[in-house]
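Chemist: sharing a model prediction with you, sequence too.
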Amino acid sequence: MYKLIVIIAAAMPTIFLLRALFVGRSPKPSKAFSEFKKQIDYLVWAILFVIGCIFVYSVASLIHSMWR
């Protein structure tokens, strides 16, 4: 049973690659996927901004505690 799961898991990237190469996409799902990717990009930038703010705050807090 585990061997079957491993074989299927190993074959999935090959199947997806062949499907992407030989099966054309219609423009409607492509547009929806493009919009979804844009929303994901905004989410990633927002998360990176929050992480940057936290980093700047922690460095400023460290410098302020050393300054005293």
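Modeler: Nice, thanks for sending it over. Residues are numbered from 1 along each chain as shown.
Chemist: mind showing which ranges of this structure have poor pLDDT?
Modeler: Applying pLDDT under 70 to the chain flags the ranges 24-27.
Chemist: now for the longest helix along the chain, which elements pack on it?
Modeler: Scanning the chain for the longest helix, with DSSP state H as the assignment, gives helix 27-67. If you count contacts as 3 or more C-beta pairs under 8 Å, 6 or more residues apart in numbering; DSSP states H and E, helix 27-67 packs onto no helix or strand. Backbone N, C-alpha and C define where each C-beta goes, glycine included.
Chemist: report the distance from it to the chain centre.
Modeler: Between the centre of helix 27-67 and the centre of its chain there are 12 Å (C-alpha atoms, centre = their mean, to the nearest Å).
Chemist: burial count for residue 58?
Modeler: The tally of other residues near residue 58 (other C-beta atoms under 10 Å) stands at 10.
Chemist: just use 55 as the starting number from now, easier for me
Modeler: Taking 55 as the first residue, the last one we looked at is residue 112.
Chemist: any idea how far residue 122 is from it?
Modeler: Counting by C-beta to C-beta, to the nearest Å, the separation of residue 112 from residue 122 is 16 Å.
Chemist: please apply the same query to residue 59.
Modeler: Taken as C-beta to C-beta, the span from residue 59 to residue 122 is 59 Å.
Chemist: between those two, point out the one with more neighbours.
Modeler: Comparing residue 59 with residue 122 by other C-beta under 10 Å, the one with more neighbours is residue 59, at 9 against 4.
Chemist: okay, the helix or strand that contains the more buried one in PDB with CA atoms only?
Modeler: Taking DSSP states H and E as the criterion, residue 59 maps to helix 56-76. Taking Å, rounded to 0.1, in the frame of the first residue of the first chain, the C-alpha atoms of helix 56-76 are listed here in PDB:
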ATOM      1  CA  TYR A  56       2.800   2.400   0.900                       C
ATOM      2  CA  LYS A  57       4.600   1.600  -2.300                       C
ATOM      3  CA  LEU A  58       1.600   2.500  -4.300                       C
ATOM      4  CA  ILE A  59       1.200   5.900  -2.500                       C
ATOM      5  CA  VAL A  60       4.900   6.600  -3.100                       C
ATOM      6  CA  ILE A  61       4.700   5.700  -6.800                       C
ATOM      7  CA  ILE A  62       1.600   7.900  -7.300                       C
ATOM      8  CA  ALA A  63       3.300  10.800  -5.400                       C
ATOM      9  CA  ALA A  64       6.400  10.400  -7.600                       C
ATOM     10  CA  ALA A  65       4.400  10.300 -10.800                       C
ATOM     11  CA  MET A  66       2.200  13.400 -10.100                       C
ATOM     12  CA  PRO A  67       4.800  16.000 -11.100                       C
ATOM     13  CA  THR A  68       5.400  14.200 -14.300                       C
ATOM     14  CA  ILE A  69       1.700  14.000 -15.000                       C
ATOM     15  CA  PHE A  70       1.300  17.700 -14.200                       C
ATOM     16  CA  LEU A  71       4.200  18.700 -16.500                       C
ATOM     17  CA  LEU A  72       2.800  16.700 -19.400                       C
ATOM     18  CA  ARG A  73      -0.600  18.100 -18.900                       C
ATOM     19  CA  ALA A  74       0.800  21.700 -18.800                       C
ATOM     20  CA  LEU A  75       2.800  21.000 -22.000                       C
ATOM     21  CA  PHE A  76       0.200  19.400 -24.100                       C
END
